[in-house]
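Colleague: Okay, here's the prediction I keep looking at, along with the sequence it came from:
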Amino acid sequence: MNFSQFSYITLSAYFDIGLLKYIVFVIIMCVFILIVSSNILLIVVICVNGSLHEPMYMFLCSLFVNELYGSLAFFPFLLVQILSDHHTISVPLCFLQIFFLYMYGNVEFYNLAMMSYDRYVAICHPLQYNAWMSMDMVTRLVVLTWFFPLLNVIVMISLNAFSELCGNIIDRVYCANYYITKLVCRGAVASNIYGLVYVYTVLLGLAALIIYTYARILKVCFSGSKRTRQKALSTCTPHLASVINFSFGCFFEILQSRFDLSRVPNVLRIILSIYFLTCQPLFNPITYGFTLSKIRLTCKPLFFGKK
């Protein structure tokens, strides 16, 4: 069977909820507007405020840009599908969606790892911070944070884009590379090997970096002065919360794709599958906006005026 014979992919995870779909549409639309507006606000605040042109806030700006990008790639499609009676997507658009969403997930993970390293240097090596985390170094790290995921996603999609498929139905509300791989007729050996190598080298390496940096930060917190602990907690708590939230999203994604959850209610399965695409872009602007004093004090006059 030739790949070109399929003109569309059916997303079978959607199910009929009658008139409730309009309520769901309004709720998702409100979430989407909140995500877009909050991320744009914080991007603008960081860009225009000279006092926020520091390494930590540059990484935050990259994080917010990625979440804005991921949300714009996902939510409009989801809103259209909620109101549609036919839940299909053309094959080219399916691969384009895979590119956007996997790019978002990869950049998010890289960005969180770089932010962990930044906090580690700031707290464990404060005297060397300005030398180690110069703006040139931060710029290079941000570029690498976007370049390596781009390279990975291009290779990953290329391994499946020209393969022969033996089906066009995936049990998902959006296109996912793992499910496309399962449709490949003669198996996707190269894709599977590449995926395993990437996970066990790059992704586990980034996870090890995050764990190591926070182990060192916690050591400083427990052995340092009260002022050191307060500084560490004030700057690291929102980032650690973001890492944990993203980890939950990745866990739900693995759980959904690797195990049979047919006995789980459809609504819960859908929530689990879109968790990291919805909660992370919503969670981060609120968390960082409320907990980081520089951002909070900069945003306050925008809503309450200058006193």
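Modeller: Great, that's in hand.

Colleague: Going by neighbour count, list what's buried in the helix or strand that W146 is a member of.
Modeller: Element membership for W146, per DSSP states H and E: helix 135-161. Buried positions in helix 135-161, judged by neighbour count with 16 or more other CB atoms under 10 Å: V138, L141, V142, T145, W146, P149, N152, V153, M156, I157, L159, N160. Where you see a C-beta, it was placed from the backbone N, CA and C, and this is true even at glycine.

Colleague: and what of stretch 213-226?
Modeller: Here stretch 213-226 shows T213, Y214, I217, V220, C221 as buried, counting by 16+ other CB under 10 Å.

Colleague: what bits of the stretch 151-300 of the chain have low per-residue confidence?
Modeller: 187-188, 224, 228, 300 (pLDDT under 70).

Colleague: So for the host helix or strand of F74, what gets flagged as buried?
Modeller: F74 is part of helix 55-83 when elements are defined by DSSP H and E. Applying a neighbour-count criterion of 16+ other CB under 10 Å, the buried positions in helix 55-83 are 55-75, 77-79, 81-82.

Colleague: do the same with stretch 202-214
Modeller: So, applying 16+ other CB under 10 Å, buried residues of stretch 202-214: V202, L203, L206, A207, L209, I210, T213, Y214.

Colleague: Could I get the full set of helices for the chain?
Modeller: 20-48, 55-83, 91-124, 129-132, 135-161, 177-183, 189-198, 204-223, 226-258, 266-273, 275-291, 293-304 (DSSP state H).

Colleague: Tell me which of these lies nearest to D171.
Modeller: helix 177-183 (7.2 Å; CB to CB).

Colleague: So what touches that closest one?
Modeller: 9, 94-95, 98, 102, 156-157, 160, 165-168, 170-172, 188, 191-192, 195, 257 (CB atoms under 8 Å, 6 or more residues apart in numbering).

Colleague: same question, stretch 184-203
Modeller: Applying CB under 8 Å, 6+ apart, the contact partners of stretch 184-203 are 1, 109, 148, 152, 155-156, 159-160, 163-166, 177, 181.

Colleague: Repeat that for stretch 40-52.
Modeller: 53, 57-58, 60-61, 64-65, 68, 285, 288-289, 294-295, 298-299, 302.

Colleague: try stretch 114-133
Modeller: Under CB under 8 Å, 6+ apart, the answer for stretch 114-133 is 55-56, 59-60, 63, 138, 141-142, 145, 209-210, 213-214, 216-217, 220, 228, 231-232, 235-236, 239, 243.

Colleague: please redo it, this time with the cut-off set to 7 Å
Modeller: With CB atoms under 7 Å, 6 or more residues apart in numbering as the contact definition, stretch 114-133 has outside contacts at 55-56, 59, 141, 145, 209-210, 213-214, 216-217, 220, 232, 235-236, 239.

Colleague: How about stretch 285-302, which residues are buried there?
Modeller: P285, T287, Y288, G289, T291, L292, I295, T298, C299.

Colleague: Go through those residues and name the one nearest K21.
Modeller: P285 (27.6 Å).

Colleague: residues in contact with that closest one?
Modeller: P285 neighbours (CB under 7 Å, 6+ apart): S38, N39, L42, F64.

Colleague: rerun that using 10 Å as the cut-off
Modeller: P285 is in contact with 34-35, 37-43, 60, 63-64, 67-68, 295, counting by CB atoms under 10 Å, 6 or more residues apart in numbering.

Colleague: one step back: of the helices of the chain, which is nearest Y14?
Modeller: Shortest separation from Y14 across the helices of the chain is recorded for helix 55-83, at 6.3 Å, computed as CB to CB.

Colleague: Would you mind measuring from the nearest residue in space to V155 that is not next to it in sequence to N177?
Modeller: Distance criterion CB to CB, 6 or more residues apart in numbering; nearest residue to V155, sequence neighbours excluded, is Y194 at 6.6 Å. Counting by CB to CB, to the nearest Å, the separation of Y194 from N177 is 11 Å.
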